[in-house]
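Colleague: sequence? don't have it. structure:
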């Protein structure tokens with residue numbers, strides 16, 4: 001009996017997107033942590049950098065995804 005081997009192209013694509021998702025989660029975690037520390041260090045009354053830094057990270061990551069996927 002032969003066992004069917006999964007398509008290596010699909011595995012490569014899955015690995016690529018899993019690594020991208022991991023990068024996004026780690027970057028957002030670092031941005032939130034950095035925002036908390038900076039807000040405390042700068043003594044802001046409202047948590048401004050906790051919102052701004054992750055937003056900038058998301059914009060940057062979406063820009064990178066668009067740039068990477070639009071290559072021909």
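Modeller: Looks like it arrived, so ask away. Only a predicted model underlies this, so the values are computations on that prediction, with no experimental measurement involved.

Colleague: The residue nearest to the spatial centre of the chain: what secondary structure?
Modeller: Taking C-alpha atoms, centre = their mean, the centroid of the chain lies closest to residue 24, which sits 1.1 Å from it. Following DSSP: H, G, I helix; E, B strand; the rest coil, the label given to residue 24 is helix.

Colleague: Now for the closest residue to it other than its chain neighbours: which residues touch it?
Modeller: Spatial nearest neighbour of residue 24, chain neighbours left out: residue 61 (5.3 Å); criterion: C-beta to C-beta, 6 or more residues apart in numbering. For the C-beta atoms, the positions are set from N, CA and C on the backbone; glycine is no exception. Residues in contact with residue 61, defined by C-beta atoms under 8 Å, 6 or more residues apart in numbering, are 23-24, 27.

Colleague: and with 10 Å instead?
Modeller: By C-beta atoms under 10 Å, 6 or more residues apart in numbering, residue 61 lies in contact with 20, 23-24, 27-28.

Colleague: same deal with residue 47?
Modeller: 32, 35-36, 38-40.

Colleague: thinking again about what came up before, so the residue nearest to the centre of the chain makes contact with residue 57?
Modeller: Yes: using C-beta atoms under 10 Å, residue 24 makes contact with residue 57 at a distance of 8.1 Å.

Colleague: Give me the neighbour count for residue 50.
Modeller: Neighbours of residue 50 under the rule other C-beta atoms under 10 Å: 19.
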